Structures are given as structure tokens and as C-alpha cells.
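J.: Turn this into a model:
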Amino acid sequence: MNNQTNGRHTHTLKILPEYYQAQLLGLKNFEIRKSDRPFQVGDEVWLCEFDPESHQLTGHDLHRVITYITDYAQQPGYVVFGTKGI
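T.: Residues are numbered from 1 along each chain as shown. Have a look, this model is predicted:
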């Protein structure tokens with residue numbers, strides 16, 4: 001899902017449990033993502049934990065804001081963006 005408010009977007013993204021936990025604990029403050037959306041600094045991101053075995057969302061999510069974006073040294077079509085809690 002991708003909604004826009006006041007020129008900023010809100011992105012809803014699935015995240016695997018190991019990366020969700022790292023974000024939750026503050027050990028990971030970035031995401032490497034396919035650049036298939038108009039990610040911008042200041043956009044809000046909902047990271048929704050996804051269980052790959054059941055193919056279901058777990059109901060756990062994190063609300064973040066994008067603080068920095070780069071595609072430096074990434075595979076073509078991918079970006080890295082920095083995140084912080086809201």
C-alpha cells in the first residue's frame with residue numbers, strides 16, 4: 001500500500017521476523033528495498049512482520065520515517081534507506 005498526504009507518502013511493507021526484531025530492538029535502522037515505489041526522505045513506513053512459513057502477517061508492525069536514501073553500491077533497482085521511529 002502507498003498513500004500520499006501533503007506531498008509525502010506512507011508505505012506499508014512486509015518485513016521478515018529476524019529483521020523486524022532487529023528494527024524493534026534498535027539494532028537495525030535501515031532497509032534495503034526494491035526501488036518499486038517513490039521512496040522519499042520524510043516518507044512514513046509501516047513495517048509489518050510477515051511469517052514466511054504461514055505466508056501471513058503476524059499483526060506486529062513498526063511505524064518509521066525515512067531519514068536518508070541511497071542506491072550507492074546496490075544491485076540495480078534497489079535502494080537503502082535509513083529509518084527512525086516515530
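
J.: Just list whatever residues bridge to the closest residue to residue 62 other than its chain neighbours.
T.: Leaving aside its chain neighbours, residue 62 sits nearest to residue 47 (4.5 Å; criterion: C-beta to C-beta, 6 or more residues apart in numbering). Just so you know, the C-beta spots here come from the backbone N, C-alpha and C atoms, and that holds for glycine as well. Beta-bridge partners of residue 47, counted by DSSP bridges, are residue 13, residue 62.

J.: any idea how far residue 47 is from residue 72?
T.: The gap separating residue 47 from residue 72 is 22 Å, by C-beta to C-beta, to the nearest Å.

J.: Between those two, tell me which one has more neighbours.
T.: Shown here are residue 47 and residue 72; by other C-beta atoms under 10 Å, residue 47 has more neighbours (21 against 6).

J.: and the more buried one, what pLDDT?
T.: Per-residue confidence (pLDDT) for residue 47: 98.

J.: Hmm, it is touching residue 11, no?
T.: No. Residue 47 is not in contact with residue 11 according to C-beta atoms under 8 Å; the separation is 9.3 Å.

J.: Can you pull the poorly scored residue ranges out of this structure?
T.: Within the chain, the ranges that satisfy pLDDT under 70 run 1-6.

J.: what's the burial count for residue 11?
T.: For residue 11, the neighbour count with other C-beta under 10 Å is 21.

J.: swap in residue 74?
T.: Residue 74 - counted by other C-beta under 10 Å - has 13 other residues nearby.

J.: hang on, isn't it packed against residue 32?
T.: Yes. Residue 74 is in contact with residue 32 according to C-beta under 8 Å; the separation is 7.1 Å.

J.: Grab the nearest non-local neighbour of residue 30.
T.: Leaving aside its sequence neighbours, residue 30 is closest to residue 82 (5.2 Å, by C-beta to C-beta, 6+ apart).
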